[in-house]
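Asks: coords please:
(4 chains)
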Protein chains: 2
Amino acid sequence: MAEIEASARRTPPTIKTLADLTGYSIATISKALRDSPVVAQATKDAIFKAAQEIGYQANARGMALRTGKTYQAAVLMPVTAVRDYEWDGVEYTQILSGISQALDGSDYRISVHVIRDTEDGCEMARRIIDQGLADGIIFSGILADDPRIDLLVESGFPFVSLGRCRKPLVYAHVDIDNEWAAFAAAQRLIAGGHRRIALINPQRPLSYAMDRIDGFTRAFGEAGLETPTDLIAEGDLSTRFGRESAIDLLQQPEPPTAFICINESTTLGVLSGLGSLGRHVGTDIDVIAYDDINVSAYFTPPITTFYQPIEVLGRTLGQFLLQRMAGEDPQMLRQVFRPTLIERQPDNLGARPA
Amino acid sequence: MAEIEASARRTPPTIKTLADLTGYSIATISKALRDSPVVAQATKDAIFKAAQEIGYQANARGMALRTGKTYQAAVLMPVTAVRDYEWDGVEYTQILSGISQALDGSDYRISVHVIRDTEDGCEMARRIIDQGLADGIIFSGILADDPRIDLLVESGFPFVSLGRCRKPLVYAHVDIDNEWAAFAAAQRLIAGGHRRIALINPQRPLSYAMDRIDGFTRAFGEAGLETPTDLIAEGDLSTRFGRESAIDLLQQPEPPTAFICINESTTLGVLSGLGSLGRHVGTDIDVIAYDDINVSAYFTPPITTFYQPIEVLGRTLGQFLLQRMAGEDPQMLRQVFRPTLIERQPDNLGARPA
DNA sequence: ATGCAAAATAAAAACGTTTTTATTATCGTT
DNA sequence: AACGATAATAAAAACGTTTTTATTTTGCAT
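Replies: Sure thing, here's the model as predicted:
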């Protein structure tokens, strides 16, 4: 008796333990625990009770081998600016938190794969599919023409992307309405009298970089103005890039009177650049930013932003992936969020000449 | 022939495929692939070649079931201030990146488990051990008396902690020398003439909160001064907390003339608070901060900091975990980093009365 | 009572490995 | 030539599930 207890404590109980305990066969136990209709209710009850009592937990490895499922959701996390310890990718914590919330009730766990670039991400996706390292994938940093999306759509492997590519493919995704956001920001500044507006933008191959340029251009077009394409800066979204772009643009012959910043990290850089040049936001220069992690409220002065808590996107990503892995039609799993404007600066008081 | 090829392409090759192909038994194949000395070199060569040719990849699930290993490193990621979308935990991206770099050559992958509080973390650790969800654990947010460390030390399960508890236990860890850092910051400000120095600190049960208080106190003690304990603010490390603390403290009858900020997030908050009150860093008030993610350089004005790139800590965490999982003595796996001072403000020009 | 369908359970096979045990081949020694 | 030791390989068992197939039990109509 004491022996049995001791050995039971040494190795965790298996289906076999339950079989010995209840007298049923392991087949019946397995079916009962999965609530199969072929086993009698009374037996189920007895088996559940016994399982509860000895604290039985299904062995994930045994299940995985038999079913081919891993109960893992892979997240491809891009880390671009590793080399210089540059402030970057900070919003990913929130994305992970959101995904985790969505997956909380389910049996799925999150595995994170750090990728350095798109090629790396492609290779990783390939490996995940081929080796069955996960049951689904979430990734971001979508290019206008993204090989990962082609790959995954073709393979039929469940995935959700944060962002959309420009090809007319059907796949689950979550995105921000970047075209609209850039349009709204530019329109607002134009209404305030600004004509020379700078756009701090990510690199061109990124799909949302192009979306933002589209919206930016549309705002000028609708106002009957020419788009100041010379004021569009493109680069990695580091703080350093924001700073250097701002300093650079402001020293041009026809400098901008306002800035639209793509994210909180570049915004900080732009503000730093303005500070270095002795310019003040709200009096010398206007700034509108996009914020994912609610940090703009704490800048000095606080900045007017289009705010979209990225954790909400993360949660949606997780939900969609669960549904996708359950076999749902990707057609249904698409959501595009519009950020909300939070006014903090009188940014529309009219253009101020350089 | 065509048939075989088609079926080979459908399901990935297994050891059995290799056995059929080479004529050896699956036992020999397995041993050969693991480079066992009992199999003849010629056979090994042949088997390796065949494996290469058909692109054989060992099935992780089969291996896992047989060996009990998961080839997963679990990372417990704390997300505290989810409810308000507060800027928090941003440095975790860098930690993950560092861990990932360390694990890059190995067969290990990272699984991230988001935890809400210490209790949650304890439960998660329990599950990981009991269900064998991973082969090792990394976690942070260590309390002065941390149940997770007791649990893991007792169980013998491989782990590395970011931070140390105050019990004299032997376990692998990576930490920052918080006592020294707080001491050095306070000493520097005292030398500059400051007497009323505020310390923006995390909550007391956290081990490094106490370390910082110790160092802070020691600096005053060595200078023959009394520690201004009324200027120690304790709270979550959100930006909001930094802002509210600063405003609060500065409105006291005997306000501080300088601030020591625990991390970049609270620093931003303190700066925001100062801005609201019309105070200027460097002229009205001095600020020294700790920075993990190299963001202080971009504040306006740039802030003097003790800087320790957290990615380096992450890398060390990963290395230590690998060694620990390989059976190495935890006695050897301990490293405490001292951040380096980066001077950006003339913060020692003497105290300025309120 | 008998037979038959349906219900419930049990047995066996399978997933892809690794490890233990068994068998066969090789070789030097007497 | 026979033997024993060693080297090399093969066979079988095991890890913990799920699923398919087989068997037993039950309930009901005849």
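
Asks: flag every residue of chain A that's near DNA strand D.
Replies: A:11-12, A:14-16, A:26-27, A:29-31, A:33-34, A:56-59, A:61-63, A:65-67 (C-beta under 7 Å from any atom of the strand). Any C-beta I mention is one placed from the backbone N, CA and C, and that applies to glycine too.

Asks: switch to 6 Å and redo it
Replies: A:11, A:14-15, A:26-27, A:30-31, A:33-34, A:58-59, A:62-63, A:65-67 (C-beta under 6 Å from any atom of the strand).

Asks: which of those residues fall within helices?
Replies: Counting by DSSP state H, the residues of chain A next to DNA strand D place A:Ile15, A:Ile26, A:Ala27, A:Ser30, A:Lys31, A:Leu33, A:Gly62, A:Met63, A:Leu65, A:Arg66, A:Thr67 in helices.

Asks: just the residues you listed that are near DNA strand C?
Replies: Checking these against DNA strand C (C-beta under 6 Å from any atom of the strand), the matches are A:Ala27, A:Leu65, A:Arg66.

Asks: can you map out the helices along the stretch 1-150 of chain A?
Replies: Secondary structure of the stretch 1-150 of chain A by DSSP state H, counting those that start in this stretch: the helices cover A:2-10, A:15-22, A:26-33, A:41-54, A:60-67, A:92-103, A:118-130, A:147-155.

Asks: what lies in contact with the second one?
Replies: Translated: helix A:15-22. A:8, A:24-26, A:29-30, A:33, A:46-47, A:50-51, A:54, A:56 (C-beta atoms under 8 Å, 6 or more residues apart in numbering or on different chains).

Asks: list buried residues within those residues.
Replies: Buried members of the contacts of helix A:15-22, counted by 16 or more other C-beta atoms under 10 Å in any protein chain shown: A:Tyr24, A:Ile29, A:Ser30, A:Leu33, A:Ala46, A:Ile47, A:Ala50, A:Ala51, A:Tyr56.

Asks: deepest of the helices of the stretch 1-150 of chain A, which one?
Replies: helix A:92-103 (a mean of 25; mean count of other C-beta atoms under 10 Å in any protein chain shown).

Asks: that one near chain B anywhere?
Replies: Yes: for helix A:92-103 and chain B, the contact criterion (C-beta under 8 Å from any C-beta of the partner chain) is met by A:Tyr92, A:Thr93, A:Gln94, A:Leu96, A:Ser97, A:Ser100, A:Gln101.

Asks: please apply the same query to stretch A:58-76.
Replies: Yes: contact of stretch A:58-76 with chain B (C-beta under 8 Å from any C-beta) involves A:Asn59, A:Ala60, A:Arg61, A:Gly62, A:Ala64, A:Leu65, A:Gly68, A:Thr70, A:Gln72, A:Val75.

Asks: contacting residues around A:Gly163?
Replies: A:Ser140, A:Gly141, A:Ile142, A:His173, A:Asp175, A:Leu206, A:Ser207, A:Tyr208.

Asks: dihedrals phi and psi, the nearest residue to it once chain neighbours are set aside?
Replies: Closest residue to A:Gly163 apart from its sequence neighbours, by C-beta to C-beta, 6 or more residues apart in numbering or on different chains: A:Ile142 at 3.5 Å. Per-residue torsions, A:Ile142: phi -70, psi 130 (degrees, to the nearest 10).

Asks: burial of A:Ile142, as a residue count?
Replies: Counted with other C-beta atoms under 10 Å in any protein chain shown, residues neighbouring A:Ile142 total 22.

Asks: who's in contact with it?
Replies: A:Ile149, A:Ser161, A:Leu162, A:Gly163, A:Arg164, A:Cys165, A:Leu206, A:Ser207, A:Tyr208.
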